[in-house]
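Enquirer: sequence first, then the predicted structure:
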2 protein chains.
Amino acid sequence: MVDAQQQSQFMQAAIDEARLGLEEGGIPIGSVIVHAGRIIGRGHNRRVQQGSVVLHGEMDAFENAGRQDARVYAQATLYTTLSPCAMCSGAILLYGIREVVVGENRTFMGEEALLRERGVQVTVLQDAQCIDLMTRFIRERPALWNEDIGQESDR
Amino acid sequence: MVDAQQQSQFMQAAIDEARLGLEEGGIPIGSVIVHAGRIIGRGHNRRVQQGSVVLHGEMDAFENAGRQDARVYAQATLYTTLSPCAMCSGAILLYGIREVVVGENRTFMGEEALLRERGVQVTVLQDAQCIDLMTRFIRERPALWNEDIGQESDR
């Protein structure tokens, strides 16, 4: 467990990633992976920027952390601005991440129950910046958002 | 549902991808995504080739299928030479794939139970080529294989 100040600092790094994604015209979701008090991977959603359907913010953070020893991932904490979807939760389980700090789950509820069922500690901050980022984004780009979570949009 | 001949043909395409990965010095797992009788995405594990920790065979097939309408993914069938891990199963759930054909689950058992619990139809062929590819690979490169499934290796 990290203290509240560190937690806030790492969540801010994830939010900075989300804002960077927004500036690039993308979906504002960011993530960092922290090991031994240090960020080893950071990322943000790349659907628009790279046409990627697998690089959600969390996945991009894994990709940038790269080929770590299994022991490193097992001791790491993942910070994400939004509740992790099934794919990102699956990656968390695959790599044995034991602690996940979530910015908010009000605009989207991911697979937190599955993570907890598998022994992952999930903390949800309900951070105002995170909620604001996603609330605006979903209102402004509903079709893009639906695509990112595999949902059909009304036509 | 596709007929047995088509199923065999699409699994062979996934096996071809796995063999291509092996020829490149990589992990021999391949996948294709089929919609309306046509392959819309094919891929193989890219851990060695690209240093990727997210591009398992299935994920690479999704990435190559790209930004499809949610309706397309919901009507697609995913073929994979090996039982899909938590991450790949999560991607299958995210994009609402309803049918998965698995080459084999003898060398590795993925999240088939979770997929079935969520309503995905999972068919396991126990294909001899798939079993042989993974059996040899795991014997020859145990540390690489453990890394791919997030497991520690003995040192």
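Expert: Done, it's in.

Enquirer: and the strands in chain A?
Expert: Taking DSSP state E as the criterion, chain A contains strands spanning A:30-35, A:38-44, A:77-82, A:99-104, A:121-124.

Enquirer: who touches the first one?
Expert: The contact list for strand A:30-35, computed with Cβ atoms under 8 Å, 6 or more residues apart in numbering or on different chains, reads A:2, A:10, A:13-21, A:39-45, A:57-58, A:60-62, A:65, A:68, A:72-73, A:75-81, A:97. All C-beta atoms are positioned from the backbone trio N, CA, C, and that covers glycine.

Enquirer: interface residues of chain A facing chain B?
Expert: By the criterion of Cβ under 8 Å from any Cβ of the partner chain, the positions of chain A lying close to chain B are A:47, A:51-55, A:59, A:62-63, A:65-71, A:73-74, A:85-91, A:93-96, A:111, A:114, A:146-147, A:149-153.

Enquirer: tell me what the lengthiest helix in chain A is packed against?
Expert: In terms of residue count, the longest helix belonging to chain A (DSSP state H) is helix A:4-23. Counting by 3 or more Cβ pairs under 8 Å, 6 or more residues apart in numbering or on different chains; DSSP states H and E, the packing neighbours recorded for helix A:4-23 are strand A:30-35, strand A:38-44, helix A:57-65, strand A:77-82, strand A:99-104, helix A:128-140.

Enquirer: cutoff 10 Å now
Expert: With contacts defined as 3 or more Cβ pairs under 10 Å, 6 or more residues apart in numbering or on different chains; DSSP states H and E, the secondary structure elements packing on helix A:4-23 are strand A:30-35, strand A:38-44, helix A:47-50, helix A:57-65, strand A:77-82, strand A:99-104, helix A:128-140.

Enquirer: in chain A, what residue is nearest chain B?
Expert: When scored by Cβ to the nearest Cβ, chain A has A:G90 as its residue closest to chain B, at 2.6 Å.

Enquirer: contact partners for the nearest residue to that residue once chain neighbours are set aside?
Expert: Spatial nearest neighbour of A:G90, chain neighbours left out: B:G90 (2.6 Å); criterion: Cβ to Cβ, 6 or more residues apart in numbering or on different chains. For B:G90, the contacting residues are A:84-94, A:110-111, A:114, B:59, B:84, B:111, B:114-115, by Cβ atoms under 10 Å, 6 or more residues apart in numbering or on different chains.

Enquirer: what sits against the residue minimising distance to the centre of chain A?
Expert: Using Cα atoms, centre = their mean, the residue of chain A that lies closest to the mean C-alpha position is A:T80, 3.1 Å off. When the contact criterion is Cβ under 10 Å, 6+ apart, the partners of A:T80 are A:11, A:14, A:17-18, A:29-33, A:43, A:56-58, A:61, A:88, A:92, A:100-104, A:110, A:130.
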